[in-house]
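Peer 1: predicted model and sequence follow; I will ask about them next.
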Amino acid sequence: MPASPPSTPPVTPLRRFDGKVVIVTGAGSGIGQGIAERFSQEGASVVLAGRTRDKLDAVAAGLPAERALVQVCDVSRFDQVQALVDAAVQRFGGLDVMVNNAGIAPSGGVSDVSLDDWQQTLAINLSGVFFGSRAAVPRLLERSGCIVNVASVSGLAADWAMAAYNAAKGGVVNLTRQMALDLGGQGVRVNAVCPSLTRSNMTEDMLQDGELMARFMDRMPLGRVAEPADIAGVVAFLASDDARFVNGVNLPVDGGVMASNGQPKM
């Protein structure tokens, strides 16, 4: 399994977000870190939100200090999410993009997932998107901003033994569509990316399991897992004026996984 990043040259970011303000939840590692770094490279002021300050500080240390703000936030608490949006506006004067990325992924089916895991997964992965959007919308309306949610291919089709995660990400997929209907006419676009397996702290154990990765690669037409930068580039596109007529889309960023009907390779 090709465990290392591709050898192709990195994409040179554009400068589509000069003067823009972006909040990224779950920004301390993985996909969230990649998204925060991409927006910063493109000129945005970025508010990095998450539950662990040390991780957020480490990411912020690599960004221009005058365009970075760290805010400890539990997205399952609306009061903390509202404080996050208020802090962004106080520091940078407004809000243009809300990226709802924070999430967890406990395993277990309906019969064996713990009740605590079920409740926490719905609280973070689904209610966190609702809370982030609810707090951000009044500010986004002021600047014709947008929302980009990080859903998953697991919200488009199901996994074995992932009841809580599948339910939450399925909710994010349809909440994205619903918000796009309500808010599009008011000038606020809402879209989501749906990644497949992506290199992160959350997936580290999976990536070390050679047998499991062989099965993943059997379903992966591009032959590798995603890197956070792969997801971040698509998030930046959806938030940019290049996507000004894209609204209500749940876009797979999956290397072709969803192109299959599920039958085995011949």
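Peer 2: Structure received.

Peer 1: alpha carbons only: can I get the one helix or strand in the chain whose mean pLDDT sits lowest in PDB?
Peer 2: The least trusted helix or strand in the chain, going by mean pLDDT, DSSP states H and E, turns out to be helix 204-207, with a mean of 85. In PDB, the C-alpha atoms belonging to helix 204-207 read as follows (Å, rounded to 0.1, in the frame of the first residue of the first chain):
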ATOM      1  CA  GLU A 204      -3.000   6.300  12.300                       C
ATOM      2  CA  ASP A 205      -3.800   2.800  13.600                       C
ATOM      3  CA  MET A 206      -5.700   1.900  10.500                       C
ATOM      4  CA  LEU A 207      -2.800   3.000   8.300                       C
END
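
Peer 1: run the chain-centre distance for it.
Peer 2: Distance of helix 204-207 from the chain centroid (CA atoms, centre = their mean, to the nearest Å) equals 19 Å.

Peer 1: what comes into contact with that helix?
Peer 2: Here helix 204-207 makes contact (CB atoms under 8 Å, 6 or more residues apart in numbering) with 3, 197, 199, 212-213, 225. C-beta here means a position set from N, CA and C on the backbone, and glycine is covered the same way.

Peer 1: inside helices: which ones of those residues?
Peer 2: Members of these lying in helices (criterion: DSSP state H): 212-213.

Peer 1: give me the buried subset of the contacts of helix 204-207.
Peer 2: 197, 199, 213, 225 (16 or more other CB atoms under 10 Å).

Peer 1: from residue 155, how far off is residue 57?
Peer 2: Using CB to CB, to the nearest Å, we find residue 57 at a distance of 31 Å from residue 155.

Peer 1: also residue 106?
Peer 2: 16 Å.
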